[in-house]
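Asks: predicted structure and sequence below. I'll ask about it afterward.
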Amino acid sequence: MTQSIETPDLMIHAMSQEITDLDTVLHGVSSPMPVLAMSVARQTHAPDMAYISGAEGVDPDIDRIYPSSFDHRLNRKCVAYFGLHEAFDLAQRGELNVMYLGAAQIDVHGNTNLSVIGSIDDPKVQLPGGAASAFLMPITPKVVIWMTRHSTRTFVEEVDFVTGQGYDHRSDEHKKNEMVVISNLGVMNFKNPEREMQLQTRHPGYSVDEIKENTGFDLRVAPDVAETPVPDTKIVELIKSLDPDNVRRTEFG
Amino acid sequence: MTQSIETPDLMIHAMSQEITDLDTVLHGVSSPMPVLAMSVARQTHAPDMAYISGAEGVDPDIDRIYPSSFDHRLNRKCVAYFGLHEAFDLAQRGELNVMYLGAAQIDVHGNTNLSVIGSIDDPKVQLPGGAASAFLMPITPKVVIWMTRHSTRTFVEEVDFVTGQGYDHRSDEHKKNEMVVISNLGVMNFKNPEREMQLQTRHPGYSVDEIKENTGFDLRVAPDVAETPVPDTKIVELIKSLDPDNVRRTEFG
Amino acid sequence: MRKVLSSLAKTANLVADGDLVTFGGATFHRAPMAFVREMVRQGKKELNLVDREPAIDFDLLIGAGCVSMVRAGMIAFEIFGMAPNFRRKSKTREIIVKEGACQPIISGFRAAAMGLPSLPVKGMLGSDLLEISEIVGGQKLFEDPFTGEKMIAVRAIEPDIAVIHAQKADEFGNARIEGPVYEDVIKAKAAKKVVVTAEEIVSNDEFRKMPEATTLPHFLVDAVVHAPNGAYPCSCCNYYEVDYDHIEEYLKAATDDRFDEYLKQYVHEERVT
Amino acid sequence: MRKVLSSLAKTANLVADGDLVTFGGATFHRAPMAFVREMVRQGKKELNLVDREPAIDFDLLIGAGCVSMVRAGMIAFEIFGMAPNFRRKSKTREIIVKEGACQPIISGFRAAAMGLPSLPVKGMLGSDLLEISEIVGGQKLFEDPFTGEKMIAVRAIEPDIAVIHAQKADEFGNARIEGPVYEDVIKAKAAKKVVVTAEEIVSNDEFRKMPEATTLPHFLVDAVVHAPNGAYPCSCCNYYEVDYDHIEEYLKAATDDRFDEYLKQYVHEERVT
């Protein structure tokens, strides 16, 4: 049980580390983990980042999160409003630096599926839909995918449907953009010439082999693979205070 | 002198008559005459029209005009702001019903010139530019051109440069849109199958022949040509009160 | 300005069976739920719904049998999980799902708002969604006339009707939205007809005192309805928050096959002001 | 948010000779005149100016010899007549005039603001202006990928710098414009660099009390300058009106060949705070 309590916080901390100061960052719908990660980043190492809420507030002073990531209380004391269509324009201009996206399936090239399990013509399961993935995945300098259930069913050889574009579905120009995958087992990126997924850090308690076993393709391992840094007590307390109702745990069900 | 005092008011009244109730109407820059015409229409026969000011106010309560038609005091007690780019979107949707435009030259087909006198490569006079003419002329259901100096130099056989598109420079679809020309001598339209300019009403004091003599092409005369209606005292007083400094007369210099 | 103040019943009558319909708000926020419930009571059929990220508004209409087609970037109940009626009826093929992506849907609305047949967007290339959209005619690959860059043209989405819940409106149709506006102005410009439901009907003078706060000028709006609590159980900024308990009750009813009971209690027997 | 408060001199230094430059405001309203005067003092050269309907801002720079090219929908002094320096120097060919139309210029800014290489517009077809624009590469006829409708593609206009005068700003670059906004938000999004000059520098808390009134969020703004009366002799809504007498004095000076005197008195000897 200790592990299952700590995993969300470990992931949130890892997600927050993907933001560097002065980055302009947006989160989308159904995103308690990104909201917490962005809040942690802003209150720790990236105080000058531009925080654009999916609820449209800019740089809000977030005191706590809610079941909906668009809850307008997440705009508390914001300095301005900035609509999603404006944020998307920013993305088209290349000025949205970091975006957090979810996925039901991901493959070795980073293709994500949020559309259907099975075939599109006769789906076994109709998923909720990709929202901004197909638009933002190729054009955003850094996309962070968070996945709370790392298994051979979610990390697959080939996704059933390409909602968000992995590197083999991108133009050369868009291959330059970075992707990071943060799961409940480790942190993966694509920092190799072939742009295939590789394990960069494993969460404490999981071995490289365990993670590879839970992955549906032959997961590369970065030469400098290491352990995912554990957030200090201050950060864990911050996360707890921002999420008193444990909304972040719903994704780990 | 009586005539020169009354002509602006006669023209303003005629210009106001082109608005029917519920029309959405916009004026542009350097437009004291349209501002007055729209104000008169709204305070008399078209109380429910939508008035969009070039200064961006919607349905302002205008107490007086100023040398600049974008003076923000023209937005007094407006109900909303609506930017020019929004008004142009409305025009592209076909929902801007009436627009007032100026012209330095106009020809038999309704082409207007606001760009250059002489050739574009070696102009005798560089004019201020057509502003919205080339965009709005063809696509707006009704364009009203006001011209304060009707002569053979301004009503010409062929304009030196087609800034705004007359009927011979339009697609069939855009030929359906109406144009009205209101000068210091009379009111002209293009209500004939050939879409050529014809005199519809002559201002009091001017004969048909006089107007034809002051026109640089063979001006058609509508079968039902009549005299331009004279505004009643109430309207003249209204105009006077809205323009205490006689800004409207500057165009007649 | 002419008076356009009307009733829920009369304005819901503006929706014809088969219409392409969109709503203001996003997920659980400022959706025009009073209007949605009235649509259910009036037994609308074969509606074609489109929005970026709808939730209970779409799901309720789907559950009540009013819908034949849905186009959305995502339709879900956020952390509560799948939209239950959407999930069930998409599986049984009672509704046709045309999954879009947020940006092409927003840009489709924008194209219509701008009076253009289509609008270019970036991204999208390489996604299977593009293929599907190309087949259904919503998106097309083209080259920019200047740079030759491969772009996606998104076809204009012009809803027959957009229904928007606002905090304040006057009897002429001027409307003020407080807090996040989402794509509501764009939708109002894009749609053929626009209905505003409002928490409060205020005087025209209230608008003239703060014109910079007016979100929709009257000439974009066809009818206004006084609908206090009109977004409930969704939130309405400065008025009330999401009733998350009600959302869970809805989910439970739909999942436990007691959705008819929910409809009876909260829709058909609702007392409309 | 990081602090970007600076001085007129330093921010005017951000403008390089030859830059494509646009200004906020329209005709005699909220043009960033203090910044314009500083540009003259710094002796900028060969600027390429673009705007929908500029007036004294462009004419002053033209008269001071800072400009080599102008693209505008209209450049005039409203009922006062022609822009005197524009008229003179366009005749002598000291400046090149690329006449646009308002909508293609606005749409060019919009394309850049949206990150698109071009944007379609209606109208324009049949005007000689289109031919000229096609030659200079600003507009191109194309067919809508869906309807085949003949449309004009307007090439994105991405200014090197946009200078916008606002009523209020904070030290981080958040800016509030009161009254008409014109295309100022679009320009700020379109430009590579954005300078805001402001009547007042207020605290960040002032912005957080009324976020819906914030026109430009800080991340769109590169530098902020405190410039009281920074639009003079143009108007600044809620602060001061146009000084029409000064406009006439300017015109007289330019027309009577005493423009150097005007520059000396009002520009070179201006005391800058």
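Replies: Great, that's in hand.
Asks: what separates the longest helix anywhere in chain A from the chain centre, distance-wise?
Replies: Across chain A, the longest stretch assigned as helix under DSSP state H is helix A:2-16. When distances are taken as CA atoms, centre = their mean, to the nearest Å, helix A:2-16 is centred 13 Å away from the chain's centroid.
Asks: could you give the average pLDDT over that helix?
Replies: For helix A:2-16, mean pLDDT rounds to 83.
Asks: who's in contact with residue 35?
Replies: Because you didn't say which chain, this covers chain A. A:27, A:53, A:62, A:65, A:69, A:74 (CB atoms under 8 Å, 6 or more residues apart in numbering or on different chains). (C-beta placed from N, C-alpha, C; glycine too.)
Asks: my question was about chain C, not that one.
Replies: By CB under 8 Å, 6+ apart, C:Phe35 lies in contact with C:8, C:11-12, C:23, C:163, C:165, C:195, C:197, C:225, C:227, C:230.
Asks: may I see the buried residues of the worst-scoring helix or strand of chain A on mean pLDDT?
Replies: The weakest-scoring helix or strand in chain A, judged by mean pLDDT, DSSP states H and E, is helix A:2-16 (a mean of 83). Using 16 or more other CB atoms under 10 Å in any protein chain shown as the test for burial, helix A:2-16 gives A:6-16.
Asks: what is the neighbour count of whatever residue of chain C ends up closest to chain B?
Replies: Nearest to chain B in chain C, going by CB to the nearest CB, is C:Gly115, at a distance of 2.8 Å. By the criterion of other CB atoms under 10 Å in any protein chain shown, C:Gly115 has 23 neighbours.
Asks: just how off-centre is stretch C:265-273 within its chain?
Replies: Centroid displacement of stretch C:265-273 relative to its chain, using CA atoms, centre = their mean, is 21 Å.
Asks: let me fix that, I meant to ask about stretch A:133-144.
Replies: Chain-centre distance of stretch A:133-144: 11 Å, with CA atoms, centre = their mean.
Asks: next: stretch C:31-44.
Replies: The answer for stretch C:31-44 is 12 Å, by CA atoms, centre = their mean.
Asks: go on, stretch C:232-250?
Replies: Taking the mean of its C-alpha atoms, stretch C:232-250 sits 17 Å from the chain's own mean (CA atoms, centre = their mean).
Asks: now, which of the contacts of A:Val35 sits nearest chain C?
Replies: Of all the contacts of A:Val35, chain C sits closest to A:Ser69, with 6.4 Å by CB to the nearest CB.
Asks: show me what contacts the closest one?
Replies: With CB under 8 Å, 6+ apart, A:Ser69 has these contacts: A:27-32, A:34-35, A:54-55, C:78.
Asks: Serialize those residues to a markdown table and add fields for secondary structure and distance to A:Phe252.
Replies: Output for these, formatted as a markdown table (DSSP: H, G, I helix; E, B strand; the rest coil; distance: CB to CB, whole Å):
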| residue | secondary structure | distance to A:Phe252 |
| --- | --- | --- |
| A:His27 | coil | 18 |
| A:Gly28 | coil | 19 |
| A:Val29 | coil | 18 |
| A:Ser30 | coil | 14 |
| A:Ser31 | coil | 15 |
| A:Pro32 | helix | 11 |
| A:Pro34 | helix | 15 |
| A:Val35 | helix | 16 |
| A:Gly54 | coil | 21 |
| A:Ala55 | coil | 23 |
| C:Glu78 | helix | 15 |
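Asks: ok, of these, which one's closest to chain B?
Replies: A:Ala55 (24.5 Å).
Asks: ok, the next helix or strand after the least confident helix or strand of chain A near chain C or not?
Replies: Following helix A:2-16 in sequence order, the next helix or strand is strand A:24-26 (DSSP states H and E). No. Using CB under 8 Å from any CB of the partner chain, strand A:24-26 never reaches chain C; the gap is at least 11.5 Å.
Asks: how far is strand A:24-26 from where the chain is centred?
Replies: On the basis of CA atoms, centre = their mean, strand A:24-26 is displaced by 12 Å from the centre of the chain it belongs to.
Asks: that one pairs with which strands, parallel or anti?
Replies: Partner strands and pairing direction for strand A:24-26 (DSSP bridges) are strand A:50-52 (parallel), strand A:98-101 (parallel).
Asks: how about the residues of chain C that lie near chain B?
Replies: Proximity of chain C to chain B is confined to C:1-2, C:112-116, C:174, C:189, C:204, C:207-208, C:211-212, C:214, C:216-219 under the rule CB under 8 Å from any CB.
Asks: put the buried members of those residues into a ChimeraX selection.
Replies: Buried residues among the residues of chain C next to chain B (16+ other CB under 10 Å), as a ChimeraX selection:
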select /C:1,112,113,114,115,116,174,189,207,208,211,212,214,216,217,218,219
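Asks: show me the contacts for C:Ala16.
Replies: Counting by CB under 8 Å, 6+ apart, C:Ala16 makes contact with C:Asp160.
Asks: and it, that's in a strand?
Replies: No. Read with DSSP: H, G, I helix; E, B strand; the rest coil, C:Ala16 is coil and lies in no strand.
Asks: what packs against the least confident helix or strand of chain A?
Replies: Helix A:2-16 is packed against helix A:32-43, strand A:142-147, strand A:178-183, helix A:233-242, with contacts defined by 3 or more CB pairs under 8 Å, 6 or more residues apart in numbering or on different chains; DSSP states H and E.
Asks: export the ones you listed to CSV and tack on mean pLDDT?
Replies: Output for those, formatted as CSV (pLDDT from 0 to 100):
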stretch, mean pLDDT
helix A:32-43, 98
strand A:142-147, 98
strand A:178-183, 98
helix A:233-242, 96
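Asks: tabulate the ones you listed (TSV), appending distance to C:Asn48.
Replies: What follows is the helices and strands packed on helix A:2-16, written out as TSV (distance: least, CB to CB, whole Å):
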stretch	distance to C:Asn48
helix A:32-43	32
strand A:142-147	32
strand A:178-183	35
helix A:233-242	40
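Asks: quick one, which of those gets closest to C:Arg258.
Replies: Nearest to C:Arg258 among the helices and strands packed on helix A:2-16 is helix A:32-43; the distance by CB to CB comes to 28.6 Å.
Asks: buried ones in the closest one, by neighbour count?
Replies: Buried-residue list, helix A:32-43, by 16+ other CB under 10 Å: A:32-42.
Asks: ok and it relative to helix A:2-16, angle-wise?
Replies: Relative orientation of helix A:32-43 versus helix A:2-16 (axes from the mean of the first three to the mean of the last three CA atoms, to 10 degrees): 60 degrees.
Asks: got the angle between helix A:32-43 and strand A:178-183?
Replies: Here the directions of helix A:32-43 and strand A:178-183 differ by 120 degrees (the same axes, to 10 degrees).
Asks: helix A:32-43 versus strand A:142-147: what angle between them?
Replies: 130 degrees.
Asks: and residue 39, what does it touch?
Replies: You didn't pick a chain, so chain A it is. A:Ser39 makes contacts with A:51, A:62, A:238, A:242, as judged by CB under 8 Å, 6+ apart.
Asks: not what I meant, chain C
Replies: C:12, C:15, C:47, C:61, C:66.
Asks: could you measure from the last one over to C:Lys10?
Replies: Same thing as C:Cys66. Taking CB to CB, to the nearest Å as the measure, C:Cys66 falls 18 Å from C:Lys10.
Asks: look up the residues forming beta bridges with A:Gly57.
Replies: Under DSSP bridges, the beta-bridge partners of A:Gly57 are A:Tyr81.
Asks: I figured it hits D:Thr214, correct?
Replies: No. In this structure, A:Gly57 is not within contact of D:Thr214 by CB atoms under 8 Å, at 10.5 Å.
Asks: identify the contacts common to those two.
Replies: Shared contacts of A:Gly57 and D:Thr214, defined by CB under 8 Å, 6+ apart, comprise A:80-81.
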